[in-house]
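Colleague: coordinates for the following, if possible.
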Amino acid sequence: MSKAIELLRQGKKEELWQLCCGFIDLSMEQFMTIQRRLLLEQIGSLGGCELGRKVMRGAEPSSVEEFQQQVPLTTYVDYAPYLLEKREDVLPEKPTVWQRTSGRSAEFPCKWAPISKRMYQELGETLFAIFIFCTCKERGDISVEEHCKVLYGLAPPPYISGTLGQKAVEALSVDFLPPMGEAELMSFEERIRR
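Modeller: Sure thing, here's the model as predicted:
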């Protein structure tokens, strides 16, 4: 069970707002400090794996500035030989789930991206924030409830929308209409008609 759902169940709405939506009160400096720390964590993690060493071309930056100076910009083409084959052995950690695009790229029939355990867990708080912002009337208002009803108009996993739907069920106890298990077996038209 997610911390956010626990806070909701306990009626700790102020803490829930701070956990999921408190970022809107950060100053630009505070926000950038967090972003720098997160980038440095990713750089450190990538430095220890084959894919990271390849895209960083052997550079071992220890600051954001060094990263900007030493590591060239990349595109999906740089990652494709590894990610299209879902090569987990070249990544910093085994992904929790693989995401794919709809395949509307001129270069590739689809693109695959690994989602780490941490990123997958953080999706829960992100989704909670989205639901809070969609239902609140003002700052600090928590109108979202467990088992809210949501129309399942998503592409099924492994598309990102389907994975977000799964995470919404886990993190928010969302009730999809029709239920997710049934909806994923239906065409989009069938889901909407039902």
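
Colleague: where does this protein have low pLDDT?
Modeller: Of all residues in the chain, those with pLDDT under 70 make up the ranges 1.

Colleague: ranges for the helices of it?
Modeller: Using DSSP state H, the helices of the chain run over residues 3-9, 13-21, 28-47, 50-55, 64-70, 76-83, 117-135, 160-172, 180-183, 188-193.

Colleague: in contact with the residue nearest the centre of the chain, which residues?
Modeller: Within the chain, the residue whose C-alpha comes closest to the C-alpha centroid is Leu123; the distance, by C-alpha atoms, centre = their mean, is 4.6 Å. Under the criterion of C-beta atoms under 8 Å, 6 or more residues apart in numbering, the contact list for Leu123 reads Thr163, Leu164, Lys167, Ala171. Yep, even glycine has a C-beta here, placed from its N, CA and C like the rest.

Colleague: how much space is there between it and Pro179?
Modeller: Shown here: Leu123 relative to Pro179, a distance of 21 Å by C-beta to C-beta, to the nearest Å.

Colleague: cool, Thr126 as well?
Modeller: In this structure, Thr126 lies at 23 Å from Pro179, with C-beta to C-beta as the measure.

Colleague: in terms of neighbours, single out the busier of the two.
Modeller: Neighbours per residue (other C-beta atoms under 10 Å) separate Thr126 from Pro179, with Thr126 holding more: 14 against 11.

Colleague: got the contact list for that one?
Modeller: For Thr126, the contact set (C-beta under 8 Å, 6+ apart) is empty.

Colleague: how about 10 Å then?
Modeller: Contact analysis of Thr126 by C-beta atoms under 10 Å, 6 or more residues apart in numbering lists Cys20, Met119, Leu164, Lys167, Ala171.

Colleague: and if you look at Leu91?
Modeller: Contacts of Leu91 were listed using C-beta under 10 Å, 6+ apart, and they are Ser45, Leu46, Cys49, Glu50, Leu51, Gly52, Tyr82, Leu83, Pro114, Ser116.
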